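K.L.:
With the sequence up front, the predicted model follows.
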Amino acid sequence: MDFSPTETDLEVQRAARAYAQRVIAPRAHELSEGEIFPEAEVRGLAELGLMGVNVPSDLGGAEAGVVAYSLAMQEVAAACASTAVTMSVTNMVAEIITRFGTRDQAERHVPRLCSGEYVAGSFALSEPEAGSDPGGMRTTAKKTATGWVLDGQKQWITSGTHAGVFVVWARTGEPGTRGISCFLVEQGAKGLRIGKREDKLGLRASSTVPLAFEGCEVPDAALFGPQGGGFKIAMTALDGGRIGIASQACGIAAAALAAATDYARQRRAFDRPIGDFQAIQWMLADSRTELDAARALTLRAAWLKGRGQPFSREASMAKLFASEACNRACQKAVQVLGGYGYTREFPVERYLRDARVTTIYEGTSEIQRTVIARMLLA
Ligand code: CAA
């Protein structure tokens, strides 16, 4: 199997790395500490085509493919994980509108997502009492003469404060996964209330908000995909989204390992660099090995998706392994830096806090295991 990067993949990776290191990384600490949404950084990414990496060029995308997207995401995440999650969810929204939307829906929203005219897109699936089990959602959409009325609450909505468009799931029929439809709701829609930003452990520059739909009227043209077919759109989107989060985890882990390696070279104890001690060497070696394994799983899933082959299980395996390995790498990086690693003076404490959510969002590690095991046993 050959999933080595093409010249286009490498070009996208180089462009992402240059921008991430020159512009984003120097601001990451300030963005995180000030809880500043990375609006300027996102617009810069859009100028480079990185807000629609796997989107056709006639809709404003870079049309560079899924492997290029994963490589770019890793570079951005190594610089700032908050900017990376904004990029990841917006790419996911642009891709699913391209795939499942009507031509009118795609032409209205996708070029705006790719160009940065919309700073972000949001994915509104989870609810206060329906996270791992979105089939249990309670938000409803009721048919009217001219459209639909949405009522209910959504929770954990990434970039909700800045999104130009929200993909929103709501119940239009029977209980369970078959009674769910999907809608495109624009920022500023009457009856859509954006709640207060969550006070999170990490990803503090990314905004995460609840949404309230209170008699929110949308036209017939807002229905996205087939009526009752919303759950499958969500699952398909999340399969791709999990490649994004796996890539984000690889990026954070790479940054943590680089910081720990630099420190191990410079810091001296007992008259020698601490990198001379086997205890430190083994931590670095384990992190590097797991990072390479995480990248291989992630790029395999991206490569399969890019070829139009089934990749659901591979995306879950990549997300499961990369997110858990990323957390281990960040823990080790803090350990290598010792007391300094525990302070805001070095970035590894931010990497550790940012890493934590990667085993939770877009499907917990437990949900990824469920997906993998169900496919094994089917
Ligand atoms: N692709 C397409 N269709 C799929 C699918 C997939 N990957 N997985 C399931 N389906 C289909 C099934 O074939 C089935 O179809 P039929 O109705 O025709 O039979 C239907 O969907 C229902 O499937 P299941 O019975 O398997 O559904 P389930 O209720 O048992 O749930 C699950 C399965 C895997 C646990 C799923 O609920 C899941 O992935 N949960 C986690 C949700 C999640 O990741 N949430 C994160 C939200 S986004 C986020 O984190 C915020 C952010 O912005 C970063």
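P.N.:
Cool, the structure landed.

K.L.:
got the residues of the stretch 101-250 of the chain near the ligand?
P.N.:
123, 125-126, 132-135, 156, 158, 177-178, 231-232, 235-236, 238-239 (Cβ under 6 Å from any ligand atom). Placement of C-beta: from N, CA and C, glycine included.

K.L.:
Now restrict those residues to buried residues only.
P.N.:
123, 125-126, 134, 156, 158, 177, 231-232, 236, 238-239 (16 or more other Cβ atoms under 10 Å).

K.L.:
Greatest separation within those residues: which pair is it?
P.N.:
158 and 177 (22.5 Å; Cβ to Cβ).

K.L.:
from the residues of the stretch 101-250 of the chain next to the ligand, which ones fall inside helices?
P.N.:
231-232, 235-236, 238-239 (DSSP state H).

K.L.:
Looking at those residues, spot the one nearest the ligand.
P.N.:
residue 235 (3.3 Å; Cβ to the nearest ligand atom).

K.L.:
contacting residues around the closest one?
P.N.:
Residue 235 sits next to residue 312 when contact means Cβ atoms under 8 Å, 6 or more residues apart in numbering.

K.L.:
Residue 241 now?
P.N.:
So residue 241 contacts 88-89, 92, 123, 362 (Cβ under 8 Å, 6+ apart).

K.L.:
top of these by neighbour count?
P.N.:
Highest neighbour count within the contacts of residue 241, by other Cβ atoms under 10 Å: residue 362, with 29 neighbours.

K.L.:
Look at that one and give its secondary structure.
P.N.:
Following DSSP: H, G, I helix; E, B strand; the rest coil, residue 362 is assigned to coil.

K.L.:
I'd assumed residue 245 was in contact with it.
P.N.:
Yes. Between residue 362 and residue 245 there is a contact under Cβ atoms under 8 Å: 4.8 Å.

K.L.:
intersection of neighbour lists for the two?
P.N.:
residue 319.

K.L.:
Walk me through the domains of this protein.
P.N.:
Under the assignment automatic domain parsing, the domains of the chain span 7-118, 123-228, 231-377.

K.L.:
any chance of those domains in JSON lines, with mean pLDDT too?
P.N.:
Shown next, in JSON lines, are the domains of the chain (pLDDT from 0 to 100):
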{"stretch": "domain 7-118", "mean pLDDT": "98"}
{"stretch": "domain 123-228", "mean pLDDT": "98"}
{"stretch": "domain 231-377", "mean pLDDT": "98"}
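
K.L.:
Of the ones you listed, give the one that comes closest to residue 1.
P.N.:
domain 231-377 (7.7 Å).

K.L.:
which among the contacts of residue 241 gets closest to residue 152?
P.N.:
residue 123 (15.6 Å).

K.L.:
contacting residues around that closest one?
P.N.:
Contacts of residue 123 by Cβ under 8 Å, 6+ apart are 89, 92-93, 157-158, 166-167, 237, 241.

K.L.:
Could you rerun that using 10 Å?
P.N.:
88-90, 92-93, 96, 154, 156-160, 163, 166-169, 234, 237-238, 241, 362 (Cβ atoms under 10 Å, 6 or more residues apart in numbering).

K.L.:
Next: residue 42.
P.N.:
By Cβ under 10 Å, 6+ apart, the contact list for residue 42 reads 24, 50-51, 76, 83, 86-87, 90, 116, 118-120, 159, 162.

K.L.:
Among the residues you listed, name the ones in strands.
P.N.:
In strands, judged by DSSP state E, the following of these are found: residue 120.

K.L.:
so which pair among the contacts of residue 42 is furthest apart in space?
P.N.:
Counting by Cβ to Cβ, the most remote pair of the contacts of residue 42 is 24 and 118, 19.5 Å apart.

K.L.:
Could you pull up phi and psi at residue 182?
P.N.:
phi -130, psi 150 (degrees, to the nearest 10).

K.L.:
which residues does it bridge with?
P.N.:
Beta-bridge partners recorded for residue 182 (DSSP bridges): residue 169, residue 224.

K.L.:
Please tell me how far it sits from residue 124.
P.N.:
As judged by Cβ to Cβ, to the nearest Å, residue 182 and residue 124 stand 10 Å apart.

K.L.:
hey, what's in contact with both of the two?
P.N.:
167-170.

K.L.:
Next, residue 275: secondary structure please.
P.N.:
helix.

K.L.:
Which residue, other than its chain neighbours, is closest to it?
P.N.:
residue 264 (3.6 Å; Cβ to Cβ, 6 or more residues apart in numbering).

K.L.:
Kindly report the same for residue 55.
P.N.:
Per Cβ to Cβ, 6+ apart, closest to residue 55 is residue 61, 2.5 Å.

K.L.:
Who are the contact partners of the one you found?
P.N.:
49, 51-55, 91, 94-95, 98, 110-111, 113-115.

K.L.:
Kindly tell me how buried residue 155 is, as a neighbour count.
P.N.:
With other Cβ under 10 Å as criterion, residue 155 counts 18.

K.L.:
repeat for residue 289
P.N.:
If we define neighbours as other Cβ under 10 Å, then residue 289 has 11 of them.

K.L.:
and it, backbone torsions?
P.N.:
Torsion angles, degrees, to the nearest 10, at residue 289: phi -60, psi -50.

K.L.:
Helices of the stretch 51-200 of the chain, start to end?
P.N.:
66-79, 81-100, 103-115 (DSSP state H, counting those that start in this stretch).

K.L.:
With distance to residue 20 added, can I get the ones you listed in CSV?
P.N.:
Below are the helices of the stretch 51-200 of the chain laid out as CSV (distance: least, Cβ to Cβ, whole Å):
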stretch, distance to residue 20
helix 66-79, 4
helix 81-100, 8
helix 103-115, 18
